[in-house]
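**Student:** Sequence and predicted structure, then a few things I'm wondering about:
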Amino acid sequence: MGRPPKCRRVEFLPQCTFFKPAGIPLWSLEEVSLTVEEVEALRLKDMEGLEQEKCAERMGISRPTFQRILTGARQKVTQALVEGKAIRVEGGNYEYVSRRLRCAKCRTEWDSQPTDPADPSCPQCGGNEIARMPRRRCQTRMKNWPESQGTPEKA
């Protein structure tokens with residue numbers, strides 16, 4: 001028995017979760033299922049144009065694992081397009097991680113929401129020059145570190 005898969009980080013949850021060929025009744029279509037992390041892999045690599053190493057880092061997985069997820073997603077999408085099947089996005093083993101965003105025009109900062117579009121605009125001024133901010137590191141306490149001592153400093 002293999003070990004359970006690691007939880008993958010995703011920064012975007014698709015609003016549309018079902019796609020089908022036009023003009024064909026739904027009842028007569030076969031379906032291909034994509035997981036949320038497969039959609040995230042496609043988004044990072046093919047829409048954002050990131051290198052696989054950076055994509056894997058953002059998803060919290062190894063590069064070979066990212067490659068397997070990406071290859072599987074591309075095979076499923078290709079099969080659906082070539083064979084005229086519907087695509088359903090559902091399930092997976094993931095956790096949503098919000099992105100910190102900043103508007104270049106008015107400097108407003110905010111956290112993305114799962115329902116936000118992949119290409120957001122500023123909620124304050126409506127600007128579309130949006131930059132991703134680096135993730136803030138959470139402070140962690142060392143095991144058995146006394147609370148009265150505060151947070152340990154790194155050497």
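**Tutor:** Received, thanks. Numbering: from 1, shown residues only.

**Student:** got any ranges where the chain has weak pLDDT?
**Tutor:** 114-115, 117-118, 134-155 (pLDDT under 70).

**Student:** Domain-wise, how is it divided?
**Tutor:** 1-97, 99-137 (automatic domain parsing).

**Student:** The shortest one: which residues count as buried?
**Tutor:** Of the residues in domain 99-137, those with enough neighbours to count as buried (16 or more other Cβ atoms under 10 Å) are Arg99, Leu101, Arg102, Cys103, Trp110, Ser112, Asp116, Cys122, Ile130. (C-beta placed from N, C-alpha, C; glycine too.)

**Student:** where exactly do the strands run in this structure?
**Tutor:** Using DSSP state E, the strands of the chain run over 8-10, 18-19, 31-34, 86-89, 94-96, 100-103, 109-111, 130-132.

**Student:** With distance to Gly49 as new columns, can the ones you listed be given to me in TSV?
**Tutor:** Shown next, in TSV, are the strands of the chain (distance: least, Cβ to Cβ, whole Å):
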stretch	distance to Gly49
strand 8-10	18
strand 18-19	22
strand 31-34	20
strand 86-89	21
strand 94-96	22
strand 100-103	18
strand 109-111	24
strand 130-132	14
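
**Student:** just checking, what packs against the biggest helix by length in the chain?
**Tutor:** Across the chain, the longest stretch assigned as helix under DSSP state H is helix 63-83. Packed against helix 63-83, as judged by 3 or more Cβ pairs under 8 Å, 6 or more residues apart in numbering; DSSP states H and E, are the following elements: strand 31-34, helix 36-42, helix 52-59, strand 86-89.

**Student:** Need the winner for burial among those.
**Tutor:** Stretch with highest mean neighbour count among the helices and strands packed on helix 63-83: helix 36-42 (a mean of 23; mean count of other Cβ atoms under 10 Å).

**Student:** which other helices and strands contact that helix?
**Tutor:** strand 8-10, helix 52-59, helix 63-83, strand 94-96.

**Student:** rerun at 10 Å
**Tutor:** When contacts are defined as 3 or more Cβ pairs under 10 Å, 6 or more residues apart in numbering; DSSP states H and E, helix 36-42 packs onto strand 8-10, helix 52-59, helix 63-83, strand 86-89, strand 94-96.
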